[in-house]
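Colleague: Sequence and predicted structure below; questions after.
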Amino acid sequence: MGAVIWNTRFSRLALWLFCLCWSTIAAQIRYSIPEELKIGSVVGNIAKDQDLKLSDISERKLQIATETGKQYFGIDLGKGELVIADRVDREEICGPIAKCTLTVEAIIENPLQMFRVEIDIQDVNDNAPLFINDQIVVNVEEAKMPGARFRLEPAQDPDIGSNSLHSYVLSKNEHFILSVKNKDGTKIPELVLEKALDREKQSTHRLLLTAVDGGAPARSGTTTIIVKVQDSNDNPPVFEKPSYKARVPENTPKGTVILTVKAKDTDEGINGELMYSFEPNTPASVLNVFAIDAGQGFITVKDFLDFETLSSFKFEVIASDQGASPLEGLCNVEIEILDVNDNPPEILLKSVPKPVREDAPPETVVALIGAKDSDSGENGKVSLRIQSGLPFTLKPSISNYYALVTDSYLDYETFPRYTVEITAQDSGTPLLESKTQISVDVLDINDNPPLFAHSSHTVYVKENADAGNVLFTVSASDPDQGENAKISYSITESKIKGISVSSYFYINSENGSIFSMHSFDYERMKVFQIQVQARDHGSPSLSSNTTVHVFILDQNDNAPAVIYPSPVMGSVSHQRMPRSAKAGHLVTKVTAVDADSGHNAWISYRLAEATDASLFSVNLHTGEVRTKRSVSEQDDSSQRLLIEIKDNGEPVQSSTVTVDVLIEDGFHEPISDYRKKSSEISKKSGTMTLYLIISLASVSLLCLMTFFILLVKCARGSRGSSSCCIRRSDSGYKNPNRNLQIQLNTDGPIKYVEVLGGDMMSQSQSFGSYLSPMSEFSDFTLVKPSSTTDFTDTLNVLDASLPDSTWKFESQQRAELCSNGALDCTKGSTPSLCPSSSTMISL
């Protein structure tokens with residue numbers, strides 16, 4: 001019962017070649033056991049013979065498969081032993097074949113391996129010889145001479161070798177002895193007449209024939225021979241040939257005559273009439289498929305022939321006469337069955353295909369597949385193939401086994417499952433084939449990052465909108481599956497003017513909705529750029545980014561702010577003019593600025609109320625207050641004007657300023673009066689006047705220098721095809737419409753000079769100096785545009801509309817404007833008036 005390794009030269013060579021290429025079939029093992037062992041008996045220890053650990057047997061799912069379909073053996077997973085699982089009867093399994101071998105495959109997974117196990121079934125003496133009939137009747141003519149032989153029915157013993165039929169024993173008698181003839185390994189008993197018979201003395205003789213096998217202990221079987229003494233029929237039938245042979249294809253139809261036997265009998269009458277029949281001991285396998293015509297000796301096909309079941313038949317045909325004591329003649333018949341290709345190949349799946357990771361390397365084993373064909377020769381040669389266009393191939397193994405392996409990398413996103421059609425084809429004529437399909441699932445790995453539909457997005461948000469609103473929702477897709485396709489969104493950490501972007505925005509990590517953390521102020525920040533990252537949950541996780549541009553839309557939330565008259569002068573501005581003033585006389589100029597942008601910052605002026613509305617008018621765009629007619633003696637010397645400043649937004653924002661105008665008689669030389677006034681208050685404003693004169697001189701000189709420099713640049717730029725008035729090196733934006741204006745205005749009592757620069761797409765610069773003898777103050781104004789820090793950065797993405805007219809800001813003394821809080825002089829405020837020379841240089 002121990003293991004016997006198959007060590008023939010051929011097996012070693014085949015095994016070496018296979019192990020060199022593949023590791024799926026490891027070795028062949030041979031065991032030898034007697035038949036009829038008890039269920040549960042141990043055949044051999046596979047684990048020990050194959051150097052397998054006991055833990056590997058259960059973890060790697062060791063299993064047994066047979067080609068017969070009946071499971072005679074099983075595996076004891078606890079000990080690694082091959083045990084008997086069903087009754088093993090050698091005679092039932094192999095019949096008369098001397099060598100009886102059962103082949104099983106032991107399959108173990110992870111990695112996939114197969115061990116071929118051959119089990120030799122040894123015969124035991126479990127069957128006694130058996131006669132088909134309990135009685136054998138022999139008719140013997142009394143005229144028979146001693147030495148005459150009479151064939152008897154042989155006994156059958158399904159055991160083989162020494163356990164098969166060994167000898168016969170005949171009971172003692174005075175007329176007959178027993179002779180045994182060995183024909184083709186079969187012992188056939190014959191009754192030999194030793195002493196002549198006398199029917200008148202004894203017509204019937206009873207003998208006991210015993211058949212004994214060669215087992216230990218020996219088994220035996222008996223039958224009774226009844227000898228009936230007949231009258232003389234002394235000529236037996238004789239066949240034309242002692243033996244007949246025929247070759248018949250296995251697809252021969254039923255009823256076909258394949259052979260005719262013929263015998264002759266020289267006797268006359270009924271003693272010469274012959275009847276044909278199969279010899280009584282003819283096997284059932286012959287009787288089931290062949291028939292013989294009793295009168296003519298035709299042997300015909302009775303049932304379908306099958307080469308794979310039995311390839312040849314040998315039997316005897318008896319011809320017996322009809323005499324009182326019938327005589328018999330005997331011939332041998334041998335029929336060979338010719339194989340035809342009538343069996344399609346059979347496909348055997350030795351292992352269930354397992355899912356394959358999409359990053360599995362080529363030549364990864366997916367399944368082990370076998371093929372067999374019951375036909376013989378070329379008809380039984382089988383080849384396997386699969387359909388083209390799949391990333392799989394079949395690698396031949398040994399003994400009609402193939403390994404289904406990958407021949408390229410797989411892609412779950414393209415094909416999550418493959419249906420592999422396996423075709424087995426033999427080499428016969430005609431070609432026969434069979435097909436089966438197996439499914440191979442591909443396991444997803446995280447090989448695809450989330451993808452946004454667009455690399456950037458644009459969002460427009462109104463300023464002053466409530467915090468917590470959903471501004472925009474980004475969405476990414478991932479073609480992977482499961483956890484590999486789950487996406488989380490986050491905002492990449494960055495800073496805007498030193499403040500973390502997360503303080504402005506929040507994103508829902510699950511659905512990508514972006515929320516505002518608070519309301520926005522267009523005047524402080526016009527555009528945000530945030531990076532949103534989408535990251536999947538795979539291992540390792542993959543990510544991608546998209547840029548979201550958030551543009552703040554300006555709302556009309558700022559009323560115009562009055563710059564001149566300055567708020568430090570009080571709620572009412574006091575101005576003086578001579579009674580001799582003519583129509584169009586400039587009384588004063590109201591200047592305001594709106595912190596909004598675009599149409600919301602367009603400012604208009606109108607005279608809302610006046611003591612005498614027919615005397616004064618206010619320019620709609622410049623805010624200049626002029627006389628509509630000459631002043632008469634009848635006009636009141638004190639005039640109050642209420643001027644309304646409105647923007648162009650929706651809803652409209654407005655503010656007002658009150659101007660008191662004192663009309664004085666005999667006031668003809670405003671400059672002299674101014675000097676007189678200055679001398680009167682020299683102690684109060686002498687120093688201030690000196691500062692103003694110095695400032696005016698400085699500004700005038702700077703204006704001339706600036707004007708000269710711009711003229712030189714324009715002259716050079718015209719030769720170089722570049723803009724003469726503006727150049728933006730950082731953004732590349734050029735505007736040829738920008739102009740420079742220098743206005744010297746001496747109209748009326750107010751003397752001022754203004755240097756203006758502006759265009760339709762940018763805020764302008766202006767600075768001016770005002771000398772007014774009618775007022776207690778003289779003004780020098782420097783105006784800086786709003787938020788120039790990031791203006792060039794946002795100019796490329798923000799389309800802002802500005803008023804057609806330039807913005808002109810006037811104010812009082814620089815120190816007073818910044819100190820009283822009327823306007824913010826900090827960096828980035830809008831608008832801001834900062835007494836800095838850099839403002840003028842930026843022009």
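Modeller: Received, thanks.
Colleague: can you give me the strands in the stretch 101-250 of the chain?
Modeller: Remark: strands of the stretch 101-250 of the chain, listed N- to C-terminal, are 101-108, 113-122, 135-141, 149-151, 165-170, 176-183, 186-193, 204-213, 220-230, 238-239, 243-249; assignment by DSSP state E, counting those that start in this stretch.
Colleague: Mind listing the strands the last one pairs with, and their directions?
Modeller: The strands beside strand 243-249 in its sheet (DSSP bridges) come out as strand 328-338 (parallel).
Colleague: The nearest residue to L553 once chain neighbours are set aside: how many residues sit nearby?
Modeller: Spatial nearest neighbour of L553, excluding adjacent residues (Cβ to Cβ, 6 or more residues apart in numbering): K462 at 4.8 Å. (Each C-beta comes from the backbone N, C-alpha and C, glycine too.) Other residues near K462 number 13, with proximity taken as other Cβ atoms under 10 Å.
Colleague: And for V140?
Modeller: Look at V140: counted by other Cβ under 10 Å, it has 20 neighbours.
Colleague: on that earlier part again, tell me the contacts of the residue nearest to L553?
Modeller: Under the criterion of Cβ atoms under 8 Å, 6 or more residues apart in numbering, the contact partners of K462 comprise 552-553, 555.
Colleague: So which of the residues you listed wins on neighbours?
Modeller: Greatest neighbour count in those, by other Cβ under 10 Å, goes to I552: 23 neighbours.
Colleague: my hunch is that it is in a helix, does that hold up?
Modeller: No. Per DSSP: H, G, I helix; E, B strand; the rest coil, I552 lies outside any helix segment and is strand.
Colleague: which residues does it form a beta bridge with?
Modeller: For I552, the beta-bridge partners under DSSP bridges are V461.
Colleague: so how far is D444 from it?
Modeller: To D444, I552 is 43 Å away according to Cβ to Cβ, to the nearest Å.
Colleague: just V117 next, same as before
Modeller: Taking Cβ to Cβ as the measure, V117 and D444 are separated by 39 Å.
Colleague: Equivalent analysis for N332, please.
Modeller: Counting by Cβ to Cβ, the gap between N332 and D444 amounts to 71 Å.
Colleague: quick one, which of these two is more surrounded?
Modeller: Neighbour count, other Cβ under 10 Å: between N332 and D444, D444 has more, with 22 against 17.
Colleague: contacting residues for that one?
Modeller: Taking Cβ under 8 Å, 6+ apart, one finds 358, 412-413, 416, 480-482, 484 in contact with D444.
Colleague: wait, which of these is closest to E142?
Modeller: Top of the list for closeness to E142, among those and by Cβ to Cβ, is P416 at 92.6 Å.
Colleague: Just the pLDDT at P362, thanks.
Modeller: Here the pLDDT value assigned to P362 is 92.
Colleague: Check whether it really touches L410, as I assumed.
Modeller: No. Look at P362 against L410 with Cβ atoms under 8 Å: they stay out of range, at 9.8 Å.
Colleague: more crowded one of those two?
Modeller: Neighbour count, other Cβ under 10 Å: between P362 and L410, L410 has more, with 22 against 12.
Colleague: what sits against that one?
Modeller: Contacts here follow Cβ under 8 Å, 6+ apart; on that basis L410 touches 356-360, 391, 442.
Colleague: between the residues you listed, which is closest to R247?
Modeller: P391 (49.6 Å).
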